[in-house]
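Student: The following block contains a protein sequence and its predicted model.
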Amino acid sequence: VILHTNDVHTSTDGYAAVAAYRAEMEKQYGSDRVTLVDAGDAIQGGPIGTLTKGASLVDIMNEVGYDFAIPGNHEFDYGMDVLLDLARSRAQYTYLSCNLLDRDGNTVFAPYVVEDYGDVQVAYVGISTPETLTKSNPTHFQDGNGTYIYSFCEGGNGQDLYTAVQGAVDSARAEGADYVVALAHLGMEGTTSVWSSGAVIAHTTGIDVLIDGHSHEVYQQQAANLDGELVDLVQTGTQLANLGCILLDPATGDITTQMISLEGENVPTDPDTQSYLDQVRVSALLFGLQNPLGQPFRLPEVVSLRSRVVHLKQVPQGSPVGYGPHYTQRDTRLAIIPIGFGDGLHRSVSHKAPVLIRGQRATVFGKLCMDFCMVDVTDIPAEIGDEVTLIGESGGQSISVFEYAALYGGTACEVTTSLGKRINRIYLHEQD
């Protein structure tokens, strides 16, 4: 059993259904007789692809259990180096392409694989569209001088492509393949005619079924090969509207193709895959940081920033304090706090940032220093060793991360990520 998808374009909603159908087929035919493949353009198309440069989609495909895939033209949109890293270091499935060559004429990916199902050998041959050179960014295939260092066998008015495909098919047959399944990103409607899936079938022999992509069409049809033999040609559309299913019966030699709709009601879903897809990166919510506007619920802020008074000094009215000094407007008692812009405090909060000492609000006086700041505690009976809260709660009062960020027009995440390594981190559990 071969299950196949194409042109998903980061539309992840149907993957739980794909996993469910795979599990159903494995239960019916055996886990060692079911293969799941993708015919390209899976990792590009939406924000999840753009933001992670395809990595999150590869992770999802790993979770669903893909075995083979080919690079469609949009797999290259993040750059050749990114795709190669995903294919070699992240993907747990194998990328195939018999016609993507480097400057030395070597295939970049394996051109084919032969899978042993016990009583039958099935070869999977990867074919990428030569349109990739223009339908992705051409500079991804060039060196710094603009010279192309990669090829998709685009020459000879289609003949170079046919030769590459035929060579891979012949090699697979020579290794003992009973069936050859071409996994292609070529398309029919609206594609370059000499590079279409129909043209590849018409100019080659030895392919039993061609799983297609690229043109976002839905079809189950047959096309004649170079010897006039009919070859099954299938494509599922786009964005997981359908799941293709191919049944190879080695006892009769029959090939049956099916199209399973993944839309509408009563579509099964695999609970483990759905749980994986439902994961949320909570980000700043781990700290209880939540935009206070338009939220249906409130989370308590659990991050706090605290220091201690290390020195107290009484100065007369008119005394300069700090760099580019501010002058005291009265006789003033100053508390010295060992934290400054070298620890990630924003210097723009100088002379206005609030702190809490003994449950009362005080204000930073003068400009922040690299390692210290001064706080006016004239009206607070502060002592050396007193705790100073710069962010958090103390004595029934609080200073939120949002309040601190607003002092200089920043964001809550900017505040927390700016705090330096010199600040000790203490992690408190609920029982603490």
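Tutor: Yep, it's here. Residues are numbered from 1 along each chain as shown.
Student: mind listing the helices in the stretch 51-200 of the chain by residue range?
Tutor: For the stretch 51-200 of the chain, the helices identified by DSSP state H, counting those that start in this stretch occupy 55-64, 80-85, 132-135, 159-174, 197-202, in order along the chain.
Student: Now tabulate these in TSV and tack on distance to D41.
Tutor: Any C-beta I mention is one placed from the backbone N, CA and C, and that applies to glycine too. Shown next, in TSV, are the helices of the stretch 51-200 of the chain (distance: least, CB to CB, whole Å):
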stretch	distance to D41
helix 55-64	11
helix 80-85	12
helix 132-135	10
helix 159-174	18
helix 197-202	15
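Student: and L299, which of those helices is closest to it?
Tutor: With CB to CB as the criterion, L299 lies closest to helix 55-64 of these, at 25.1 Å.
Student: just to revisit the earlier point, redo the helices of the stretch 51-200 of the chain as TSV? Include mean pLDDT.
Tutor: Shown next, in TSV, are these (pLDDT from 0 to 100):
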stretch	mean pLDDT
helix 55-64	96
helix 80-85	96
helix 132-135	94
helix 159-174	98
helix 197-202	98
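Student: Quick one: closest of those to P111.
Tutor: Going through those one by one, with CB to CB as the measure, helix 159-174 comes closest at 4.3 Å.
Student: Could you list the buried residues of the closest one?
Tutor: Of the residues in helix 159-174, those buried by neighbour count under the rule 16 or more other CB atoms under 10 Å are 160-169, 171-173.
Student: what does stretch 418-431 give?
Tutor: Along stretch 418-431, the positions that meet the burial threshold by neighbour count (16+ other CB under 10 Å) are L419.
Student: what's it in contact with?
Tutor: L305, I339, G342, D343, G344, L345, H346 (CB atoms under 8 Å, 6 or more residues apart in numbering).
Student: Please enumerate the strands of the stretch 201-350 of the chain.
Tutor: In chain order, the stretch 201-350 of the chain shows strands spanning 209-211, 218-224, 230-236, 242-249, 254-261, 305-308, 311-315, 320-321, 326-327, 332-337, with DSSP state E, counting those that start in this stretch as the criterion.
Student: Check G294 and give its pLDDT.
Tutor: Per-residue confidence (pLDDT) for G294: 55.
Student: Would you mind giving the contacts of stretch 418-431 as JSON lines with distance to A19, neighbour count and pLDDT added?
Tutor: What follows is the contacts of stretch 418-431, written out as JSON lines (distance: CB to CB, whole Å; neighbours: other CB atoms under 10 Å; pLDDT from 0 to 100):
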{"residue": "L305", "distance to A19": "45", "neighbour count": "21", "pLDDT": "96"}
{"residue": "I339", "distance to A19": "51", "neighbour count": "24", "pLDDT": "97"}
{"residue": "G342", "distance to A19": "51", "neighbour count": "13", "pLDDT": "96"}
{"residue": "D343", "distance to A19": "48", "neighbour count": "20", "pLDDT": "96"}
{"residue": "G344", "distance to A19": "44", "neighbour count": "18", "pLDDT": "94"}
{"residue": "L345", "distance to A19": "49", "neighbour count": "25", "pLDDT": "95"}
{"residue": "H346", "distance to A19": "47", "neighbour count": "18", "pLDDT": "94"}
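Student: What is the nearest of the residues you listed to M370?
Tutor: Of all the contacts of stretch 418-431, the one with the least separation from M370 (CB to CB) is G342, at 4.0 Å.
Student: That closest one touches D371, doesn't it?
Tutor: Yes: between G342 and D371 a contact is recorded at 5.5 Å, counting by CB atoms under 8 Å.
Student: just to revisit the earlier point, out of the strands of the stretch 201-350 of the chain, nearest to D77?
Tutor: Put simply, out of the strands of the stretch 201-350 of the chain the one that sits nearest D77 is strand 230-236, at 21.0 Å, with distance taken as CB to CB.
Student: List the buried residues of the closest one.
Tutor: When neighbours are counted by 16+ other CB under 10 Å, the buried residues of strand 230-236 are found to be V231, D232, L233, V234, Q235, T236.
Student: got a pLDDT number for the fifth one?
Tutor: Listed pLDDT for Q235 reads 98.
Student: Please report how far it lies from G187.
Tutor: To G187, Q235 is 8 Å away according to CB to CB, to the nearest Å.
Student: re the thing from before, can you say which of the strands of the stretch 201-350 of the chain is nearest to M80?
Tutor: Counting by CB to CB, and looking across all of the strands of the stretch 201-350 of the chain, nearest comes strand 209-211 at 24.3 Å.
Student: coming back round to it: just the contacts of stretch 418-431: which are in helices?
Tutor: When DSSP state H defines the helices, the subset of the contacts of stretch 418-431 inside them is empty.
Student: coming back round to it: can you redo the strands of the stretch 201-350 of the chain as a markdown table with distance to L428?
Tutor: Shown next, in a markdown table, are the strands of the stretch 201-350 of the chain (distance: least, CB to CB, whole Å):
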| stretch | distance to L428 |
| --- | --- |
| strand 209-211 | 55 |
| strand 218-224 | 56 |
| strand 230-236 | 52 |
| strand 242-249 | 48 |
| strand 254-261 | 51 |
| strand 305-308 | 12 |
| strand 311-315 | 28 |
| strand 320-321 | 35 |
| strand 326-327 | 36 |
| strand 332-337 | 22 |
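Student: follow-up on the earlier one: hmm, which two among the contacts of stretch 418-431 are most spread apart?
Tutor: Distances among the contacts of stretch 418-431 were taken as CB to CB; the most separated pair is L305 and G342, at 14.4 Å.
Student: residue ranges with poor pLDDT in the stretch 151-300 of the chain?
Tutor: 281-282, 290-298 (pLDDT under 70).
Student: and the helix or strand containing A16, which residues are buried?
Tutor: A16 is located in helix 15-29, with elements delineated by DSSP states H and E. By neighbour count on 16+ other CB under 10 Å, the buried set for helix 15-29 is Y15, A16, A17, V18, A19, A20, Y21, R22, A23, M25.
Student: Tell me which residues touch the residue lying closest to N157 once chain neighbours are set aside, please.
Tutor: The spatially closest residue to N157, leaving aside those adjacent along the chain, is V194, at 5.6 Å (CB to CB, 6 or more residues apart in numbering). Listed by CB under 8 Å, 6+ apart, the contact partners of V194 are N157, G158, L161.
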